[in-house]
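Student: Pasting the sequence and the predicted model now:
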Amino acid sequence: MIRKKPLFYLFVLALSVLLALYTRLTMAPSPEEFYLFPDAPLWLFLEALLVVFLLDRLHVRATRQNQASGRANYYFGLLWRGALLFVGGLQLLSAVLMLVGVGQGNFGSWYSAVRSLSSDAFLYLLIGSIYLPFLYQQHAGQVRLELERLAKEATRAKLQALQQHVDPHFLFNNLNILAALIEPGNNDAHAYVKHLAEVYRYLVRTRDQEVVPVAEELAFARDYCQLLRYRFGVAYQFEEDVQATGEQLRTQLVPPGVLQELLTNAVKHNLASRTQSLRICIRVLATEMAVCNEQRPRPQPAVGAGSGLAGLQARLALVAATPVRILATDTTFTVTLPLVAALPMFAHAHPAD
């Protein structure tokens with residue numbers, strides 16, 4: 001059950017006493033006929049707590065399955081599912097008590113059955129309709145706190161990204177000078193400068209964008225992988241498994257630089273050598289994209305382990321409804337990112353627009 005303050009339980013107890021008094025008053029037309037059973041408020045209090053418990057459990061389960069929301073139809077769904085459990089459970093309990101000779105009642109009478117069902121349903125709807133606004137306020141508060149946390153994480157991640165940027169004009173001018181100094185026949189050096197320029201041109205162009213088409217992010221990742229090949233040789237083997245169509249690559253979106261983050265993590269946290277290369281695969285499907293690498297952890301964990309993934313999860317949470325999935329086994333480590341469908345206007349716009 002979701003933790004509540006003692007005042008909440010006092011309120012429920014007071015409501016139970018009031019309901020017991022009201023019921024007996026309606027049944028007694030004169031003061032001489034009025035009698036309040038001492039245990040009646042207690043049983044009503046316990047039944048009210050059962051209603052609260054069932055609604056809490058249903059809400060917690062929906063939250064874990066990422067189905068909880070602030071919409072009215074969600075709370076109506078909670079209400080009727082809780083009603084089935086509450087009324088059905090009490091009727092089943094009464095039947096069992098009757099069979100073992102402990103309970104009292106007449107289940108053979110249709111009037112008795114209707115009376116019992118109506119009484120349970122009325123109590124449930126009364127308590128449930130009072131408790132649901134409380135549950136809504138509590139859920140809204142949790143969502144607000146989560147959004148504030150995600151906003152702080154995204155701001156921190158953006159600040160870290162900006163701190164890594166250098167003045168683009170200074171950088172590109174020096175890359176042009178470097179390319180001019182390289183001998184014409186040194187093709188590897190020219191290719192390296194070309195890929196390096198493409199990587200930084202992409203980072204500068206997209207640093208203020210929330211999302212970019214998957215096709216652009218994938219092209220950027222190829223340039224980045226080429227730089228890693230120049231640096232580490234055959235120690236890291238980069239592979240692609242693109243199962244999405246060309247249209248899907250243009251219309252599905254991701255935050256810029258997420259593949260660089262995952263590729264850097266794979267290289268940073270795993271051992272590799274020329275004789276025992278590490279395999280890293282980028283897989284792109286219609287609605288998600290994943291980076292999977294072999295698990296070969298370094299003896300000493302790299303500084304900042306986990307902070308990059310936390311920032312990446314925060315960035316995805318701001319633009320996608322589906323969370324990032326991380327699957328770590330003894331042999332592989334996989335991070336799966338949800339893709340965001342572009343709006344029609346964005347999907348048909350030219351990147352340079």
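Tutor: Happy to help now that I have it. These numbers were taken from a predicted model, which means no experiment stands behind them.
Student: pLDDT score assigned to F11?
Tutor: Looking at F11, its pLDDT is 89.
Student: hmm, I was thinking of K5
Tutor: pLDDT at K5 comes out at 81.
Student: How many residues are close by it?
Tutor: 8 (other Cβ atoms under 10 Å). Where C-beta positions appear, they are placed from N, C-alpha and C, glycine not excepted.
Student: and the gap between it and Q260?
Tutor: 47 Å (Cβ to Cβ, to the nearest Å).
Student: What does the closest residue to A235 other than its chain neighbours show for phi and psi?
Tutor: Of all residues not flanking A235 in the chain, A272 sits nearest, at 4.1 Å (Cβ to Cβ, 6 or more residues apart in numbering). In terms of degrees, to the nearest 10, the main-chain angles of A272 are phi -150, psi 150.
Student: and if you look at the one 3 residues further on?
Tutor: Backbone geometry at T275, expressed as degrees, to the nearest 10, gives phi -90, psi -20.
Student: give the contact list for it.
Tutor: Not one residue lies near T275 by Cβ atoms under 8 Å, 6 or more residues apart in numbering.
Student: I'd like the distance between it and V234.
Tutor: For T275, the distance to V234 - Cβ to Cβ - is 9 Å.
Student: Need the residues touching each of the two.
Tutor: With Cβ under 8 Å, 6+ apart as the test, T275 and V234 reach no residue in common.
Student: that's a helix at L253, yeah?
Tutor: No: L253: not assigned to a helix; according to DSSP: H, G, I helix; E, B strand; the rest coil it is strand.
Student: Show the contacting residues for it.
Tutor: With Cβ under 8 Å, 6+ apart, L253 has these contacts: 211-214, 319, 339-342, 346.
Student: What about the residue nearest to it when sequence neighbours are not counted, how many residues nearby?
Tutor: Nearest residue to L253, sequence neighbours excluded (Cβ to Cβ, 6+ apart): V211, at 3.8 Å. If you count neighbours by other Cβ under 10 Å, V211 ends up with 22.
Student: if I read this right, V211 contacts V254, doesn't it?
Tutor: Yes: with contact defined as Cβ atoms under 8 Å, V211 reaches V254; the gap is 6.2 Å.
Student: Helices along the stretch 151-300 of the chain, start to end?
Tutor: Using DSSP state H, counting those that start in this stretch, the helices of the stretch 151-300 of the chain run over 168-181, 187-206, 214-232, 246-251, 258-269.
Student: returning to what we had before: list only buried entries from the contacts of L253.
Tutor: Listed as buried from these are 211-214, 339-340, 342; burial here means 16 or more other Cβ atoms under 10 Å.
Student: of all those, which comes closest to L18?
Tutor: If you rank those by distance to L18 using Cβ to Cβ, V340 comes first, at 51.0 Å.
Student: pretty sure the closest one is in contact with T322, am I right?
Tutor: No: applying Cβ under 8 Å as the test, V340 and T322 come out as separate, 9.3 Å apart.
Student: ok, the residue nearest to L171 when sequence neighbours are not counted to D223 distance?
Tutor: Using Cβ to Cβ, 6+ apart and skipping the chain neighbours, the partner closest in space to L171 is Y200 (5.8 Å). Using Cβ to Cβ, we find Y200 at a distance of 10 Å from D223.
Student: show me what contacts R298?
Tutor: R298 neighbours (Cβ under 8 Å, 6+ apart): 269-271.
Student: Switch those over to JSON lines; also include pLDDT, distance to L312 and neighbour count.
Tutor: What follows is these, written out as JSON lines (pLDDT from 0 to 100; distance: Cβ to Cβ, whole Å; neighbours: other Cβ atoms under 10 Å):
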{"residue": "H269", "pLDDT": "89", "distance to L312": "14", "neighbour count": "18"}
{"residue": "N270", "pLDDT": "90", "distance to L312": "17", "neighbour count": "18"}
{"residue": "L271", "pLDDT": "90", "distance to L312": "23", "neighbour count": "12"}
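Student: okay, and for the protein, where does confidence drop off?
Tutor: Scanning the chain with the threshold set as pLDDT under 70 gives 1-2, 102-108, 158-170, 301-307, 343-353.
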